[in-house]
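Asker: Please work out how this folds:
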Amino acid sequence: MRTRRVLEHAFRRARARGPAPLAGTALLCLLMGLLFLAFQVRAIFSAQLQQEYVGLVLEAVERAGAARATALSLQDAPASDPQHRTAYREARLELSARLAALHALISSSPEPAPALPASVLTPSAALGEASSALDSTYAYWRTERDRTSADVRTRILSVSHTLIALSAIVFGVLITALGMYAKRNRQLVGLSNEFEQASLHDPMTGLPNRRKLFSALEEAAGEQAGGSGRIAVLYIDLDGFKRVNDTRGHRIGDEFLIAVSRRFRQAVRGSDLVARIGGDEFALLVQSFSSDSELAAIAQRIISCVHETDAQMGLSIVRASIGIASYPDRVDDYWRLVSVADDTMYTVKRNGKNGFAFASASASASA
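Answerer: Model prediction:
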């Protein structure tokens, strides 16, 4: 019982410290438990052998007791009755032989035990002395039988408790290992999601990057395949942004990009995707629209976002030029939507900036 408590206490303390101490302590507890079991099993076998030996001694005592009872019954036979006197002598010889056999058995005991007095081993010994020695021997070995029986029961109970403790430790280690594996797996999944998030988003503004844009573009084109819907890309360049970095510093420029990106997200629909291509260039993927006027309204909202951000930061420098290309009416290959919208944006910049324009069919063909 005490061994089980020690093992379980050590296991609980190690479990609170972490996986490495837990594994080491669990292994140590298992080894200690196995050694304890080996010791107890060996002790049980030894006690069982002692039990068998005690049983043999008690059988010899019972046989000697039977011979004593016969001798006592014939002790008071009249001297004039030779037949009874002969039976008495034979009973005394039988008792002497039984006592000698009992003495030899006790002398070979693996454990120290009180031997029979030598004076009672001869046929001429006083019957009362022999009887008293036999009673003492019986009392001693009966006590030994009870002691060894109790010892075996105690050790078997200790073995069962140790087995329960070891089973609890093994079960606890398995559950803990599964929990650690699940936790580690969740951590790896979380790291994988973080890596994927980082690979698909701009670290400063949090907007999707070019890779995410083209992935979403391919997915949107696949959903529109065979249907009557259209998709469009608005390519956005911030006019005058370079002057912000040159005159106000890159910190103000970064703050402007973060603020305007936040407004872009608020200005577009949930189904659309606004991405930062790099530097001061952005692209907006419109996954469905009904007319060019709807795209024009979206472009105007984007221009307003830039104006509002510029005014809020007191710059009076930054404006927006936007090129719009749509698939499949203006561009017959959705992979060229971004490049055509980019070329159209530069047309806007050449024509005075701060506005938007739609790609022409001829422009998309030459692209």
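
Asker: Helices along this structure, start to end?
Answerer: Along the chain, the stretches classed as helices by DSSP state H are 2-17, 19-74, 82-107, 127-200, 210-224, 241-248, 250-267, 292-312, 337-350, 361-366.

Asker: next one: the fifth one to chain centre, how far?
Answerer: Which is helix 210-224. Using Cα atoms, centre = their mean, to the nearest Å, we find the averaged C-alpha position of helix 210-224 to lie 39 Å away from the chain's own average C-alpha position.

Asker: List the neighbours of it that are in contact with it.
Answerer: Helix 210-224 is touched from outside by 199-201, 208, 229-231, 233, 273, 275, 277-278, 283, 285, 287-288, 327, 334-335, 337-338, with contacts defined as Cβ atoms under 8 Å, 6 or more residues apart in numbering. (Glycine included, C-beta is placed from N, CA and C.)

Asker: Please identify the most buried of the helices of the chain.
Answerer: Per-residue neighbour counts averaged over each of those give the maximum for helix 337-350, namely a mean of 20 (mean count of other Cβ atoms under 10 Å).

Asker: just checking, what packs against that helix?
Answerer: For helix 337-350, the contact count by 3 or more Cβ pairs under 8 Å, 6 or more residues apart in numbering; DSSP states H and E identifies helix 210-224, strand 231-239, strand 319-327, strand 355-358, helix 361-366 as packing neighbours.

Asker: closest one to Tyr346 among these?
Answerer: The minimum distance between Tyr346 and the helices and strands packed on helix 337-350 falls on strand 319-327, with 7.2 Å, by Cβ to Cβ.

Asker: Leaving out the residues flanking it, which one is nearest to Met345?
Answerer: If the residues on either side of it in the chain are set aside, Met345 comes closest to Gly323, at 3.2 Å by Cβ to Cβ, 6 or more residues apart in numbering.

Asker: Run through the bridge partners of that neighbour.
Answerer: Per DSSP bridges, the residues bridged to Gly323 are Tyr235, Ala357.

Asker: And the pLDDT at Ala365?
Answerer: In the predicted model, Ala365 carries a pLDDT score of 47.

Asker: what about this structure, any weak spots by pLDDT?
Answerer: Under the criterion pLDDT under 70, the flagged ranges of the chain are 1-23, 77-80, 193, 196-197, 225-228, 361-367.

Asker: Outline the domain layout of it.
Answerer: Domain assignment of the chain by automatic domain parsing yields the ranges 2-179, 210-366.

Asker: Could you dump these into a markdown table with distance to Asn185 added?
Answerer: As requested, those are arranged in a markdown table below (distance: least, Cβ to Cβ, whole Å):
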| stretch | distance to Asn185 |
| --- | --- |
| domain 2-179 | 10 |
| domain 210-366 | 26 |
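
Asker: Can you lay out the helices and strands packed on helix 337-350 as a markdown table showing distance to Asp292?
Answerer: Shown next, in a markdown table, are the helices and strands packed on helix 337-350 (distance: least, Cβ to Cβ, whole Å):
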| stretch | distance to Asp292 |
| --- | --- |
| helix 210-224 | 17 |
| strand 231-239 | 9 |
| strand 319-327 | 8 |
| strand 355-358 | 6 |
| helix 361-366 | 13 |
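
Asker: Nearest to Leu34, out of the ones you listed?
Answerer: Comparing those by their distance to Leu34 (Cβ to Cβ), the top pick is helix 210-224, with 56.8 Å.

Asker: got the angle for that closest one vs helix 337-350?
Answerer: Orientation note: helix 210-224 sits at an angle of 110 degrees relative to helix 337-350 (axes from the mean of the first three to the mean of the last three Cα atoms, to 10 degrees).

Asker: Check the gap between Gly229 and Val340 for me.
Answerer: Relative to Val340, Gly229 is positioned 19 Å away (Cβ to Cβ, to the nearest Å).

Asker: Ok, Glu52 next?
Answerer: Glu52 sits 101 Å away from Val340, going by Cβ to Cβ.

Asker: do Ala101 as well
Answerer: Here the criterion is Cβ to Cβ. By it, Ala101 lies 118 Å from Val340.

Asker: Could you do Leu213 as well?
Answerer: When Cβ to Cβ is the yardstick, Leu213 and Val340 sit 14 Å from each other.

Asker: Tell me how many other residues crowd the residue nearest to Phe241 when sequence neighbours are not counted.
Answerer: Using Cβ to Cβ, 6+ apart and skipping residues adjacent in sequence, the residue nearest Phe241 is Asp280, 4.0 Å away. Using other Cβ atoms under 10 Å, Asp280 is surrounded by 21 other residues.

Asker: So that it lines up with my notes, have the first residue be 539 from now on.
Answerer: Happy to do that; since the first residue is 539 now, the last one works out to Asp818.
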